[in-house]
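Peer 1: Predicted model and sequence follow; I will ask about them next.
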Amino acid sequence: MPEFLVLKQVVPMKEFPSIFFITFILFPIMTLFSCSKNSNELRVAKGAGQGVYYSLFVRSFADSDGDGVGDLKGICSKLDYIEDLGITGIWLLPIMPSHSYHGYDVDDYYSINPQYGTMQDFEFLLAECKKRSISLIIDMPFNHSSVHNEWFVASRNPDDAHHSWYRWIEASDSRYNTNTSAMGHKLWNEDESYKGNFYAGEFSRSMPDFNHDNPEVREEFKRVMKFWLDKGVDGFRFDAAGHLYDLVKLPAGTSDGTSRAVEFWKEMVLYCKSVNPGCYCVGEVWDSSGIRAQYMTGIFSCFHFDMGDKYIISQINNGNSVNNSFALMMEKELDRYGQFNAEFTDAPFLTNHDQARAGGLLKGDLAKLKLAASMYILCQGVPFVYYGEELGMKSGALDQTKRTPLLWDKSIDGLPQSKIQTTWASEKDCIYNKETLPVSVQEKDKNSLLNFYRRLIKFRNSRDSFVNGKFAAYSAKDLANGDSSFDASLLSCWTMESENECSLVLNNLGSKQLDLKLDESWGRAKVVFSTDGKKEPVKNGKVCIPEYSTLVLLVKK
């Protein structure tokens with residue numbers, strides 16, 4: 001731990017006049033010029049790849065034209081909501097033309113889904129985000145396209161140059177088994193027009209996989225990324241980044257799939273940074289931490305899978321930190337990332353568009369939802385909030401139920417009261433949120449989950465220890481200062497330390513209050529954040545942490 005106690009030099013009396021002048025004359029003037037009504041002076045986080053991002057499904061967010069489908073103009077109309085949440089960056093799920101509702105099978109990589117608006121609408125959204133210092137990244141599915149993409153349509157002809165853009169094989173190729181399955185369905189799909197020719201579709205028959213070894217494909221991808229970077233996007237979220245070279249679709253005997261994928265992403269990301277050095281790219285590598293660590297050398301930032309559902313949510317539901325295992329796991333995995341790339345950026349999240357929502361997993365318990373929010377947002381890196389998470393939205397097991405409309409207002413007789421409410425999803429898919437309180441209700445309740453997210457995110461973005469700090473697990477037993485009556489199994493705790501300050505995050509996972517007598521190093525710390533909003537001073541080295549709540553202590557260096 002750093003030395004927290006710094007002796008301040010006593011000012012000699014002869015220096016008093018100059019200090020008097022600075023303090024009483026210049027300081028008010030400096031303050032006048034540094035503050036304004038909309039000042040963001042406390043927001044340390046700024047620029048792409050800093051602060052807290054908001055994962056937004058355009059179809060479900062806000063509808064500007066009354067057709068029931070969310071659109072880009074709808075997002076523009078609700079940028080105040082996003083900004084007031086404290087969000088510094090937006091990740092838009094796929095916005096390109098597609099035959100599916102989710103958009104991950106792209107028809108045209110250079111256009112906007114007409115259901116979402118026009119390219120002019122997108123350019124306007126970019127401009128409005130930049131006015132608010134909100135960065136914007138877009139989803140980029142490079143593992144596969146749609147079967148309707150003109151590249152794939154051309155590739156079906158074995159004599160066409162695009163044939164080698166995709167993973168086509170012939171039935172006679174002994175290196176492959178055309179009966180192989182992947183993700184519960186057949187991997188190889190026979191072309192109806194050219195019998196005996198099969199293409200790989202790891203995710204779906206309608207999503208043919210690219211051949212990433214083809215230099216022409218790589219150059220086309222670079223043109224795609226430059227097109228959007230020139231438009232003004234601040235980076236990309238790379239979909240299915242860990243699946244490009246899955247062994248199931250490679251020739252028998254192949255063993256270097258991961259290393260080939262890492263090199264591919266290194267080439268792509270370095271190209272992005274050559275176009276825009278400040279861009280932020282983050283990859284979906286849904287795999288073990290050891291595999292993710294290898295990808296950090298290529299993508300520099302990956303989503304931290306398992307931390308939300310398998311650690312935070314399960315431990316809160318069990319009411320036990322399991323010997324601070326969440327913090328210890330995080331420390332271990334972050335150290336592993338650093339061994340592969342010292343400049344990595346972790347991307348913590350609670351749940352995403354492919355997972356059951358936290359609101360349902362925590363049974364709508366407000367205290368537990370607030371605790372879960374604190375545990376991932378107060379970690380190292382760039383946290384991602386999945387839209388609706390700030391409301392405690394719930395879901396079922398099917399994907400459509402995880403991507404239902406954001407709730408802006410109450411419905412009256414089954415009809416939306418708010419004009420911007422999207423209505424594209426079926427009533428069956430939305431049934432899980434019948435009791436979820438909408439934005440209009442939660443905004444008026446100072447103790448609501450929405451207002452807690454606002455306070456939590458703004459606090460996080462204002463503190464250097466969270467924006468620029470490093471994570472380290474902290475022993476709950478050491479904190480207790482030898483108090484044998486203290487139940488350390490209820491406490492999940494860690495430090496976030498930057499050059500200027502160190503914060504201690506204390507999470508009580510139990511259903512009873514924890515009274516803690518701190519050790520000497522933290523006995524003089526300041527309480528800077530608490531779930532209930534109270535900042536009771538540390539008295540005689542003692543603090544109390546209510547059930548299912550978070551307390552943050554701070555010391556300046």
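Peer 2: Looks like it arrived, so ask away. Numbering: from 1, shown residues only.
Peer 1: close enough to count as contact, residue 123 and residue 228?
Peer 2: No: checked against Cβ atoms under 8 Å, the pair residue 123 and residue 228 is beyond contact range at 11.1 Å. Backbone N, C-alpha and C define where each C-beta goes, glycine included.
Peer 1: And the two? Which one has more around it.
Peer 2: residue 228 (23 against 14; other Cβ atoms under 10 Å).
Peer 1: what sits up against the helix or strand that contains that one?
Peer 2: Assigning secondary structure by DSSP states H and E places residue 228 in helix 215-231. Here helix 215-231 makes contact (Cβ atoms under 8 Å, 6 or more residues apart in numbering) with 109-110, 119, 122-123, 126, 138, 140, 142, 151, 161, 164-165, 210-212, 236, 264, 267-268, 271-272, 275-276, 279.
Peer 1: Let's see that with 6 Å instead.
Peer 2: Here helix 215-231 makes contact (Cβ atoms under 6 Å, 6 or more residues apart in numbering) with 109-110, 142, 165, 210, 271-272, 275-276.
Peer 1: what's the most distant pair in those residues?
Peer 2: 165 and 276 (26.1 Å; Cβ to Cβ).
Peer 1: So between the two, which is more surrounded?
Peer 2: Neighbour totals were compared for residue 165 and residue 276, and residue 165 leads with 22 against 17 (other Cβ under 10 Å).
Peer 1: ok, now which ones touch the more buried one?
Peer 2: Contact partners of residue 165, counting by Cβ under 6 Å, 6+ apart, are 151, 155, 211, 214, 217.
Peer 1: Take the residues you listed and lay them out in JSON lines including pLDDT and distance to residue 312.
Peer 2: Formatted as JSON lines, the contacts of residue 165 follow (pLDDT from 0 to 100; distance: Cβ to Cβ, whole Å):
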{"residue": "151", "pLDDT": "98", "distance to residue 312": "41"}
{"residue": "155", "pLDDT": "98", "distance to residue 312": "43"}
{"residue": "211", "pLDDT": "98", "distance to residue 312": "39"}
{"residue": "214", "pLDDT": "98", "distance to residue 312": "41"}
{"residue": "217", "pLDDT": "98", "distance to residue 312": "38"}
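Peer 1: who wins for neighbours among the residues you listed?
Peer 2: Neighbour tally across the contacts of residue 165 (other Cβ under 10 Å): the maximum, 25 neighbours, falls on residue 155.
Peer 1: which residues in the stretch 351-500 of the chain form strands?
Peer 2: For the stretch 351-500 of the chain, the strands defined by DSSP state E, counting those that start in this stretch cover 384-386, 411-412, 415-416, 470-473, 491-497.
Peer 1: For residue 195, find the nearest of these.
Peer 2: Nearest of these (Cβ to Cβ): strand 384-386, 43.8 Å.
Peer 1: Return the members of the contacts of helix 215-231 classed as buried.
Peer 2: Neighbour counting over these (16 or more other Cβ atoms under 10 Å) leaves 109, 142, 165, 210, 271-272, 276 as the buried ones.
Peer 1: Show me which of those residues is closest to residue 51.
Peer 2: The closest of the buried ones among the contacts of helix 215-231 to residue 51 turns out to be residue 276 (Cβ to Cβ; 17.9 Å).
Peer 1: nearest residue to that closest one other than its sequence neighbours?
Peer 2: Spatial nearest neighbour of residue 276, chain neighbours left out: residue 229 (5.1 Å); criterion: Cβ to Cβ, 6 or more residues apart in numbering.
Peer 1: Alright, that wraps it up for me.
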